[in-house]
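Colleague: got a structure for you, letters missing:
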């Protein structure tokens with residue numbers, strides 16, 4: 001388990017919400033924005049941080065309509081966070 005990445009997610013409610021949003025399947029930033037109620041800029045920033053950490057992947061390179069999905073490591077981190085909050 002990578003404690004730096006766990007810390008990255010747990011330090012930010014915004015990153016946690018965005019990671020949870022893509023946990024159930026690929027989504028566009030607009031869909032994530034609608035689900036979380038966050039501003040588009042917050043969603044984009046969180047996605048870039050999670051992408052750089054290897055916790056989400058970009059499924060296509062289109063400039064509009066990009067889809068993001070959670071990685072196996074991202075799923076493991078969400079699972080770990082959930083197990084500690086019970």
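Modeller: Structure's in. What do you need? As the structure is a prediction and not an experimental result, all values here were calculated from the model.
Colleague: got a list of what the most centrally placed residue in the chain touches?
Modeller: Among the residues of the chain, residue 19 comes closest to the average C-alpha position under CA atoms, centre = their mean, at 2.5 Å. Residues counted as contacts of residue 19 (CB atoms under 8 Å, 6 or more residues apart in numbering) are 9, 46, 50, 55-56, 70, 74, 77-78. For glycine as for every other residue, the C-beta is placed from the backbone atoms N, C-alpha and C.
Colleague: one more time with 7 Å
Modeller: 9, 50, 55-56, 70, 74, 78 (CB atoms under 7 Å, 6 or more residues apart in numbering).
Colleague: what's the answer for residue 40, then?
Modeller: By CB under 7 Å, 6+ apart, the neighbours of residue 40 are 29, 33.
Colleague: Counting neighbours, which bits of the lowest-mean-pLDDT helix or strand in the chain end up buried?
Modeller: Least confident helix or strand of the chain, by mean pLDDT, DSSP states H and E, is helix 72-85 with a mean of 93. Residues of helix 72-85 classed as buried: 74, 76-78 (neighbour count, 16 or more other CB atoms under 10 Å).
Colleague: What of stretch 36-45?
Modeller: Buried, per 16+ other CB under 10 Å, within stretch 36-45: 36, 38, 42-45.
Colleague: How far does it sit from its chain's centre?
Modeller: 11 Å (CA atoms, centre = their mean, to the nearest Å).
Colleague: All the strands of the chain, residue numbers only.
Modeller: 56-58, 68-70 (DSSP state E).
Colleague: quick revisit: counting contacts, what elements does the least confident helix or strand of the chain pack onto?
Modeller: Where contact means 3 or more CB pairs under 7 Å, 6 or more residues apart in numbering; DSSP states H and E, helix 72-85 is packed against helix 3-10, helix 13-23.
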